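Enquirer: Structure here, sequence nowhere to be found:
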């Protein structure tokens, strides 16, 4: 089941519970959440991530189903496409 939030406290709790860290995509500079050591992103601190997330109007979508570790972080229109399955935005399982 997908959940959607713009609450940085909820996002941070989820990230820390799932071992992912805030970062920026190396190619685009977009905010991402990624697992340490996977590459493709440079790590940033929560002090940079949280205000940027709020200012950009991004949303965080995550799957709370058993054994699921899927998520999307980005603009609301792309989040809707991600949830509907109409487009692969690349935000899943960073």
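Expert: Cool, got the structure. The structure presented is a predicted model; accordingly, all values stated were derived computationally and were not measured. Numbers count the residues shown, from 1 in each chain.
Enquirer: When you work out contacts or count neighbours from here on, use the C-alpha atoms and nothing else.
Expert: Will do.
Enquirer: Let me see the ranges of the strands in the protein.
Expert: For the chain, the strands defined by DSSP state E cover 2-5, 21-25, 31-34, 41-43, 59-63, 71-74.
Enquirer: what's the fourth one in contact with?
Expert: When you say that, I think you mean strand 41-43. 21-26, 32, 34 (CA atoms under 8 Å, 6 or more residues apart in numbering).
Enquirer: just to revisit the earlier point, make CSV from the strands of the chain and add mean pLDDT to it.
Expert: Shown next, in CSV, are the strands of the chain (pLDDT from 0 to 100):
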stretch, mean pLDDT
strand 2-5, 93
strand 21-25, 95
strand 31-34, 94
strand 41-43, 92
strand 59-63, 93
strand 71-74, 94
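Enquirer: Which one, of those, ends up nearest to residue 14?
Expert: strand 59-63 (8.8 Å; CA to CA).
Enquirer: Against which helices or strands is that closest one packed?
Expert: strand 2-5, strand 71-74, helix 76-84 (3 or more CA pairs under 8 Å, 6 or more residues apart in numbering; DSSP states H and E).
Enquirer: List the neighbouring strands of it plus their orientation.
Expert: strand 2-5 (antiparallel), strand 71-74 (antiparallel) (DSSP bridges).
Enquirer: Highest mean neighbour count out of the ones you listed?
Expert: strand 71-74 (a mean of 23; mean count of other CA atoms under 10 Å).
Enquirer: Might you report the residue contacts of the most centrally placed residue in the chain?
Expert: Relative to the mean C-alpha position of the chain, the nearest C-alpha, by CA atoms, centre = their mean, is the one of residue 73, at 3.3 Å. By CA under 8 Å, 6+ apart, the contact set of residue 73 is 31-33, 58-61, 79, 91.
Enquirer: Pairing partners for it in the sheet, please.
Expert: Bridge pairing for residue 73 - DSSP bridges - gives residue 60.
Enquirer: again with residue 34
Expert: Going by DSSP bridges, residue 34 forms beta bridges with residue 21.
Enquirer: same deal with residue 3?
Expert: residue 62.
Enquirer: for it, what are its contacts?
Expert: Per CA under 8 Å, 6+ apart, neighbours of residue 3: 61-64.
Enquirer: That concludes my questions; thank you for your assistance.
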